[in-house]
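> build me a structure from this.
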Amino acid sequence: MTQQSPYVLVGSALSTMVAAAKLAENGADVVIINGSNNWGGHFTTVSCDGVSYDAGMVLHEFTSYNAINSEEDLSSYDATVRNDAGRFCNTVRKYVNLYQDTHEIAAPKMYVGGKCYDDMLITNVLPALQHLPFAGSVKKELLKLLERSPVPALHASNKLISDDFNKVSYQAASLANHGDTLHSALIEPFCKKLLNVGTDGVLARYHRVPWLPLFYPETLLSYLQDAPQQLPPTVFSYPTGECVGDLANKLKAKIQGDRHIRIINEHPGQITCRDDGKYELAFNQHEKILANKMAWSSSLGDLLKVSGQQEKIGNYEKCSFALVFLSIPTSALKLDFTVLSIVDPDIMTYRITNQSRCAALDAEPARIVMEINTDYLAEKAGPGVKADLQQLAIDELLALGIVTDGAGVEVAKILELKNALALPNAKNMQAFTDEMSAARAAVPSMSLLGPSSGFSSSSFNHQVLQGLKLYETWGMC
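The predicted model follows:
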């Protein structure tokens, strides 16, 4: 027997949840096929002894250089265009605020050369530049860079319009705009710690995937000549008293309690696109489903497999991480920060987030998350050496001056994520392009969400926008 359904969504991504909830709100019958117990992917919470944490630094970005105050036409959003989500920050903010109260957080910090500074890696707080010990060398190099005429092809002003940025490395673009000293002393070591590859292994267009900056040289120089240009810092927001991932938890409860939504806890074994444009889904245990419209939010590789593609197309280069969740008495914290990015290569941790500080929570103890690239750690430790992540976390909190002793520091959980992030490099972009072409040939009219929507287009903002756009597209049918 085959069941018929007007709308079927496969996967557990946040975009699937947003679309399903919106469709059901308006009376549409929806089937969600989720073969895992995970809802929301990276954008859900991690429970440690009943206490919720976000999975590392997970912040709301409700501002962007290309955002506008009026409401953009969501039908024009294109997940395949890098940075296109920036036009819709107001749309994302309004959606999030339906479920959570949010507030702007204090700007992150960065740890460079054994000292803390205002962050300029992810928040563009450029007054920090003049306080760095190598500021003099940076100034000389920027003056030399700006002697060039005409403006070089890799000038940062061309990033959104020139195809060169899809071809060259971030290293080339960074050196062309920042000079050697700033690149080598600040950017290169942070990239290596975060991805365990150098900046020559990152495509210029995708430099923000690992939160690496690309400034105009004129803008940098202005801050060293006491005539700063008005570059607004990136402002981050966070839910008051909650986690970002609590949005996914609320959507999950809404979905599970909605009479218009049916959940099937099994992966489809085969998907066939019929001549009439409908999709037939076959399962090992569940009866077949015939879908009028269908969306997919798992990987393209999985989609190709269930669509009959036998040969594996994409072979992605990925890196691995560990998240260390800690509970620390607030009185034991000697450094006040929301997020701390750590550049120094002898510290294995690349980022620490005080999620209690982000959430404006006064309750004891503080929720702290440390992020470590375990490939980088293994390379530093040497062959055959297995690091004790619990002891490493405590040792590095002491080395950074975040605590003065280990008393009261409790490691609540350690989560190791093997091959968790596809590197934003040329090889992976080509692999994604090849998979996308094959998927479009196999299932030409299927809606693609989350990790299947575009190369490195599965950020929080992208996922919300994809879900809302799918609702608008299907809801008008």
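> surely Ile122 is within a helix?
No - judged by DSSP: H, G, I helix; E, B strand; the rest coil, Ile122 forms no part of a helix; its state is coil.
> now do the contacts for it.
Pro108, Trp211, Pro213, Thr234, Val339, Ser341 (C-beta atoms under 8 Å, 6 or more residues apart in numbering). C-beta: built from backbone N, CA, C; applies to glycine.
> and Leu214, backbone torsions?
Phi and psi for Leu214, reported as degrees, to the nearest 10, are phi -140, psi 100.
> if we can go back for a sec, state the pair within the contacts of Ile122 that is farthest apart.
Distance extremes for the contacts of Ile122: the farthest pair is Pro213 and Val339 at 15.0 Å, using C-beta to C-beta.
> compare the two (neighbour count), which wins?
Val339 (25 against 22; other C-beta atoms under 10 Å).
> helix/strand/coil for Ile414?
Quick answer, by three-state DSSP: Ile414 is strand.
> how near is Thr349 to Val197?
Applying C-beta to C-beta, to the nearest Å, the value for Thr349 to Val197 is 18 Å.
> more crowded one of those two?
Applying other C-beta under 10 Å to Thr349 and Val197 shows that Thr349 carries more neighbours, namely 25 against 19.
> touching, that one and Asn373? I think so.
No - using C-beta atoms under 8 Å, Thr349 is not in contact with Asn373, being 9.3 Å away.
> and Leu145, what does it touch?
Per C-beta under 8 Å, 6+ apart, neighbours of Leu145: Ala176, Asn177, Gly179, Pro217.
> can you pull the phi/psi pair for it?
phi -60, psi -40.
> would you mind measuring from it to Gly198?
As defined by C-beta to C-beta, Leu145 lies at a distance of 21 Å from Gly198.
> swap in Ile342?
Look at Ile342 and Gly198: by C-beta to C-beta, they are 18 Å apart.
> who has more neighbours, these two?
Ile342 (26 against 14).
> this structure: helices as residue ranges?
14-25, 89-96, 135-145, 170-178, 180-182, 188-195, 217-224, 246-256, 300-306, 355-358, 374-381, 389-399, 426-442, 460-475 (DSSP state H).
> count of neighbours near the nearest residue in space to Trp39 that is not next to it in sequence?
Spatial nearest neighbour of Trp39, chain neighbours left out: Lys252 (4.5 Å); criterion: C-beta to C-beta, 6 or more residues apart in numbering. Counted by other C-beta under 10 Å, the residues lying close to Lys252 total 16.
> now do the contacts for Lys252.
Going by C-beta under 8 Å, 6+ apart, the list of residues near Lys252 reads Met17, Trp39, Gly40.
> is it true that the first one touches Ala248?
Yes - between Met17 and Ala248 there is a contact under C-beta under 8 Å: 6.5 Å.
> okay, the residue nearest to Trp39: pLDDT?
Lys252 carries a pLDDT value of 97.
> how close does it get to Tyr99?
12 Å.
> could you do Ser149 as well?
To Tyr99, Ser149 is 52 Å away according to C-beta to C-beta.
> got it, and Ala322?
In terms of C-beta to C-beta, Ala322 sits 30 Å off from Tyr99.
> which one's more surrounded, the two?
Each of Ala322 and Tyr99 has its neighbours counted (other C-beta under 10 Å); Ala322 has more, 22 against 17.
> beta-bridge partners for that one, please?
Assessed by DSSP bridges, Ala322 has beta-bridge partners Ile372, Glu416.
> quick one, what contacts the closest residue to His42 other than its chain neighbours?
Spatial nearest neighbour of His42, excluding adjacent residues (C-beta to C-beta, 6+ apart): Ala55 at 5.6 Å. Contact analysis of Ala55 by C-beta under 8 Å, 6+ apart lists His42, Phe43, Thr44, Thr45, Val46, Gly245, Leu323, Val369, Leu415.
> the third one and Lys250 touch, don't they?
When you say that, I think you mean Thr44. No - counting by C-beta under 8 Å, Thr44 does not reach Lys250; the two are 10.8 Å apart.
> between the two, which is the more surrounded one?
Shown here are Thr44 and Lys250; by other C-beta under 10 Å, Thr44 has more neighbours (25 against 16).
> and the more buried one, how far from Tyr279?
According to C-beta to C-beta, Thr44 stands 27 Å off from Tyr279.
> next one: Glu266
Separation of Glu266 from Tyr279 (C-beta to C-beta) stands at 16 Å.
> looking at the two, which one has more neighbours?
A direct count of neighbours by other C-beta under 10 Å for Glu266 and Tyr279 places Tyr279 higher, at 23 against 12.
> contacts for stretch 165-180 next, please.
Under the contact criterion C-beta under 8 Å, 6+ apart, stretch 165-180 has outside partners 138, 141-142, 144-145, 152, 154-156, 158-159, 183, 187-188, 191, 198-207, 212, 214-217, 220, 426, 429.
> of those, just the buried ones, PyMOL syntax please.
Here is the PyMOL command that selects the buried residues among those (16 or more other C-beta atoms under 10 Å):
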select buried, resi 138+141+142+145+154+155+156+159+183+187+188+191+199+201+202+203+204+205+206+207+212+214+215+216+217+220+426+429
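> re the thing from before, most neighbours, which of the contacts of Leu145?
Of those, with other C-beta under 10 Å as the count, Asn177 tops at 25 neighbours.
> is Leu154 in contact with Asp164, as I believe?
Yes - at 6.5 Å, Leu154 counts as touching Asp164 under the criterion of C-beta under 8 Å.
> quick check: neighbours shared by those two?
With C-beta under 8 Å, 6+ apart as the test, Leu154 and Asp164 both reach Ala204.
> how close does the closest residue to Gly475 other than its chain neighbours sit to Ala13?
In this structure, Gly475 finds its nearest non-sequential neighbour in Asn26, 6.1 Å apart by C-beta to C-beta, 6+ apart. Per C-beta to C-beta, Asn26 is found 21 Å from Ala13.
> neighbour count winner among these two?
Set Asn26 next to Ala13 and count neighbours by other C-beta under 10 Å: Ala13 wins out with 31 against 10.
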